[in-house]
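> the amino acid sequence is not available; the structure is as follows:
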C-alpha cells in the first residue's frame, strides 16, 4: 500500500477515537449520570484531557492524514513527486502534535484513576458530618472494591469515573501508537515517494 493510502487509513482510524474521547470527557461532567454542582466535579475533568488532548488536537492530524492520499501539490518546480514527499514529511509534525495531545490525555487519565472521584461522603463516626471530597488515597480503591461504598452520592460514581477515564487512557495509548506509525510512514514517504515500490523508477529518481 502506498504511504498516502496508508496515512488515510490511519486518519480514518483516528477520527472515531477522537469522537469517543470527546464524548467521554463530556460524560465525566455528569458523574454517575447525574447533574451536580460544578464545584463537586472531579478536578481532572476540567483539564479537558479527552476534549482537547485526545479530541481537538487529534482531529487536525487525522484530517491531514486523510488528505495525504489525494494530495496534488505541484511541489518543487512543478514536480508532483517532490510535492508529495514534502506533504508526507510535514505530516510528521502533525503526528507529533497528535501524540502530544494524546499523551496529555493519558497523563490526566492516570492521575484521575489513581486519585479517584470527588463524591459525597458521610463520616462513619458522626453521621451528621458530611462533605464532598476525595475519599481514596493512591489508588487504594482499585484493589479494594469495598471502599467504593464510602461514596454515597452520586450513585455509581466510582464505576462511572473509573470506566470513562480507563476508556480515555486506552484510547490515548492507541492514538499515540497510530501517530508513531505515521511518523515512520511519513519518513518512508518522504524518502521513497508516495509508493516505496517506485523508488527504483521515475519517482525515486527525482
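Looks like it came in fine. Bear in mind the structure is a predicted one, so any value in this text is a computation, not a measurement.

> now do the phi/psi pair for residue 120.
phi -80, psi 120 (degrees, to the nearest 10).

> three-state assignment of the residue sitting nearest the centre point of the chain?
Per Cα atoms, centre = their mean, the C-alpha nearest to the average position across the chain is that of residue 54, at 2.7 Å. Under DSSP: H, G, I helix; E, B strand; the rest coil, the three-state class of residue 54 is helix.

> let me see the contact set for it.
Going by Cβ atoms under 8 Å, 6 or more residues apart in numbering, residue 54 touches 17, 18, 21, 22, 101, 102, 105, 168, 171, 172, 175. In short, each C-beta sits where N, CA and C put it, glycine included.

> the helix or strand bottoming out on mean pLDDT in the chain - contacts with which helices or strands?
Least confident helix or strand of the chain, by mean pLDDT, DSSP states H and E, is helix 80-115 with a mean of 89. Counting contacts by 3 or more Cβ pairs under 8 Å, 6 or more residues apart in numbering; DSSP states H and E, helix 80-115 is packed against helix 3-27, helix 57-68, helix 157-192.

> one more pass at 10 Å, please.
helix 3-27, helix 57-68, helix 140-143, helix 157-192 (3 or more Cβ pairs under 10 Å, 6 or more residues apart in numbering; DSSP states H and E).

> go through it and flag the buried ones.
80-88, 90-92, 94-99, 101-110, 112-115 (16 or more other Cβ atoms under 10 Å).

> would you reformat the helices and strands packed on helix 80-115 as a markdown table and include mean pLDDT and distance to residue 39?
Shown next, in a markdown table, are the helices and strands packed on helix 80-115 (pLDDT from 0 to 100; distance: least, Cβ to Cβ, whole Å):
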| stretch | mean pLDDT | distance to residue 39 |
| --- | --- | --- |
| helix 3-27 | 94 | 18 |
| helix 57-68 | 91 | 27 |
| helix 140-143 | 94 | 22 |
| helix 157-192 | 94 | 15 |
